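J.: prediction below, plus the sequence it came from.
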Amino acid sequence: MSNTHDVKIAVIGGSGLYHLDNLEVIEEVNPETPWGYPSDKIIISKLASGTKIAFLARHGRGHYLTPSEVPQRANMAALKHLGVEAILAFSAVGSLREEIPPCDFVLPDQLIDRTRGQRPSTYFGEGVVAHAMFADPFHEGIADIVHKQGHVLEFGAKIHRKKTAICMEGPAFSTRAESHMYRSWGADIINMSALPEAKLARECEMAYQMVCMSTDYDCWREEEEAVTVETVMQNMVNNSTNAKTLLMAVLPELDQAVRSNSLKPDLKGSMKFSGMTAQEKKNPETVKKLEYILPGYY
Ligand SMILES: CSC[C@H]1O[C@H](OP(=O)(O)O)[C@H](O)[C@@H]1O
Ligand SMILES: Nc1ncnc2[nH]cnc12
């Protein structure tokens, strides 16, 4: 595994968050993985403290990939191969709850899948079968660290945790009937990006937490105008300032936790015993591809 960059933390920027400011850029990398190239070049930067972070714009800088087109297997594989162990994944979300107004932040702990099977969502198959544990799709230890720094948020924004996200296919927004249905299912926020990103991070044994930024009330609130890209991007101006402030507050403790191996739960090694396929039945080509993310496992 190439750990030459010594970068253990990655930040994924979503809609409206295409770069981080005021960081010393060390290098831009564009690795070809066995699943193709990532969404864009990965920017490796250094904080004043010396902490390095990798930044990847999920839809590409200039936003040219729809949520369904994001090469999520390549994105997660490239980060894993760089040596990343923890990911803060920012996402613009619609709120399905009165108490989560636009500009509030949310750390979900649960996830409902409403994607349509169009997105490659696993590194397994083609002759190597394995099943990752996914009961808790986000990382509680990272959520604890982020939540503790919620007080730095400006513009009156609050931070919520232990909420349920729903990930839809898009790219069109939901109908009112769907929005009401998601509320009745217990979902609190909605986006188009959490899956398969969270699942692939788990297969790569990387600790992954989405940091969601509310941009709108979707379309369930009859008295409110239904969500448009214009509303989302207006609120993303404040959200993106808050995301950068929060990040700077969170990184020192997260870096310390990752480097001292004290981030819990520890996912390292979790995929080692998840394989089902008999040695003699494994497809050597797939085994070779998997070496890129989980060397020596299969
Ligand atoms: C521009 S509104 C819909 C779009 O915004 C979110 O993107 P991201 O999660 O990358 O911030 C949402 O998931 C949709 O892709
Ligand atoms: N209402 C919404 N539905 C899906 N994804 C979103 N991202 C931001 N707002 C959204």
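T.: Looks like it arrived, so ask away. Numbers count the residues shown, from 1 in each chain. Ligands and ions are numbered 1, 2, ... in the order given.

J.: any idea which element residue 112 lies in?
T.: strand 105-114 (DSSP states H and E).

J.: list the buried ones in whichever helix or strand comes after that strand?
T.: Per DSSP H and E, the first helix or strand lying C-terminal to strand 105-114 is helix 140-148. Neighbour counts over helix 140-148 (16 or more other C-beta atoms under 10 Å) mark 140, 141, 142, 143, 144, 145, 146, 147 as buried. Every residue, glycine included, has its C-beta placed from N, CA and C.

J.: kindly report the same for stretch 35-42.
T.: Judged by neighbour count (16+ other C-beta under 10 Å), stretch 35-42 contains these buried residues: 35, 38, 39, 40, 41, 42.

J.: OK, now which residue of the stretch 1-150 of the chain is nearest to ligand 1?
T.: Nearest residue of the stretch 1-150 of the chain to ligand 1, counting by C-beta to the nearest ligand atom: residue 14, 2.2 Å away.

J.: what residues does the residue nearest to residue 253 when sequence neighbours are not counted make contact with?
T.: Distances taken as C-beta to C-beta, 6 or more residues apart in numbering put residue 145 closest to residue 253, at 5.1 Å, once the chain neighbours are dropped. Neighbouring residues of residue 145 by C-beta atoms under 8 Å, 6 or more residues apart in numbering: 250, 253, 254, 257.

J.: ok, now residue 150?
T.: Applying C-beta under 8 Å, 6+ apart, the residues near residue 150 are 105, 158, 159, 246.

J.: mind running it again at 7 Å?
T.: 105, 159 (C-beta atoms under 7 Å, 6 or more residues apart in numbering).

J.: cool, and residue 39?
T.: Contacts of residue 39 by C-beta under 7 Å, 6+ apart are 56, 57, 58, 59, 60, 65, 70, 71, 75.

J.: and the nearest residue to it once chain neighbours are set aside, how many neighbours?
T.: Excluding the flanking residues, the one nearest residue 39 by C-beta to C-beta, 6+ apart is residue 60, at 4.8 Å. Residue 60 sits with 17 neighbouring residues when counted by other C-beta atoms under 10 Å.

J.: now do residue 26
T.: Applying other C-beta under 10 Å, we find 13 residues neighbouring residue 26.

J.: again, but for residue 183
T.: As a burial measure, residue 183 scores 16 neighbours (other C-beta under 10 Å).

J.: helix, strand, or coil at it?
T.: Of the three states, residue 183 takes helix under DSSP: H, G, I helix; E, B strand; the rest coil.

J.: please tell me how far it sits from ligand 2.
T.: Using C-beta to the nearest ligand atom, to the nearest Å, residue 183 is found at 12 Å from ligand 2.

J.: go ahead and confirm that residue touches residue 220.
T.: Yes. Between residue 183 and residue 220 there is a contact at 5.9 Å, judged by C-beta atoms under 7 Å.

J.: list residues touching both of those two?
T.: residue 96.
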